[in-house]
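Asks: can't give you the sequence, but here's the structure:
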């Protein structure tokens, strides 16, 4: 008798847990309309295991790297480079290579686009380094170095982009 009581207690506990799905509740309440001649098919579907990819780097870092690659490709002006097919470098009258088309904002060389994109990515890394500096509150010396390095990246990229823009913008007449 004690075994029977244990089995009844287990059945009661299984009912109380609430782990029954809605589909299981509906199955019990729906009658089989085809009678005893046709049996309900019991289909056991195989369970497939999806292989997991284990990466050596965290997925957040991988996502950031992928976003930066996409940004780099978009910032270089891939569509512009495909449609217009500009030269990589040109030569001036003396035969010196020109990497930036002076006084023409609407045209660009391939190298000019790539350099501008690298500078924008460098500026982004500067801001990311500034963000990481806030994580090292207890290591003040390391946080200070990160802040200085982030500001240096931002200022260098900003200065070089302004220099490129100064070359590209037309100069006013008489000025």
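Replies: Received, thanks. The shown structure was predicted, so the numbers you read here are calculated from the model rather than taken from an experiment.
Asks: can you pull out the strands in the protein?
Replies: Secondary structure of the chain, counting by DSSP state E: strands at 90-91, 97-98.
Asks: What's the biggest helix in the protein, counting residues?
Replies: helix 140-168 (DSSP state H).
Asks: just to revisit the earlier point, any chance of TSV for the strands of the chain, columns mean neighbour count and mean pLDDT?
Replies: In short, each C-beta sits where N, CA and C put it, glycine included. TSV is the format used below for these (neighbours: other CB atoms under 10 Å; pLDDT from 0 to 100):
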stretch	mean neighbour count	mean pLDDT
strand 90-91	12	77
strand 97-98	13	78
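Asks: So for residue 158, which of these sits nearest?
Replies: strand 97-98 (23.4 Å; CB to CB).
Asks: Any figure for the gap between residue 107 and residue 139?
Replies: 48 Å (CB to CB, to the nearest Å).
Asks: Mean confidence (pLDDT) on stretch 124-141, please.
Replies: Mean pLDDT, computed over stretch 124-141, is 90.
Asks: quick one: contacts of it?
Replies: Residues from elsewhere that reach stretch 124-141 (CB atoms under 8 Å, 6 or more residues apart in numbering): 68, 71, 142-144, 146-147, 149-154, 157.
Asks: which of these sit farthest apart?
Replies: Within the contacts of stretch 124-141, two members stand farthest from each other by CB to CB: 71 and 144, at 28.5 Å.
Asks: For residue 83, which residues are in contact?
Replies: By CB under 8 Å, 6+ apart, residue 83 lies in contact with nothing.
Asks: swap the cut-off to 10 Å and go again
Replies: Contacts here follow CB atoms under 10 Å, 6 or more residues apart in numbering; on that basis residue 83 touches residue 77.
Asks: cool, and residue 111?
Replies: If a contact means CB under 10 Å, 6+ apart, then residue 111 has 86-89, 97-100 as its contacts.
Asks: between those, which is nearest residue 54?
Replies: Nearest to residue 54 out of those is residue 88 (CB to CB; 40.9 Å).
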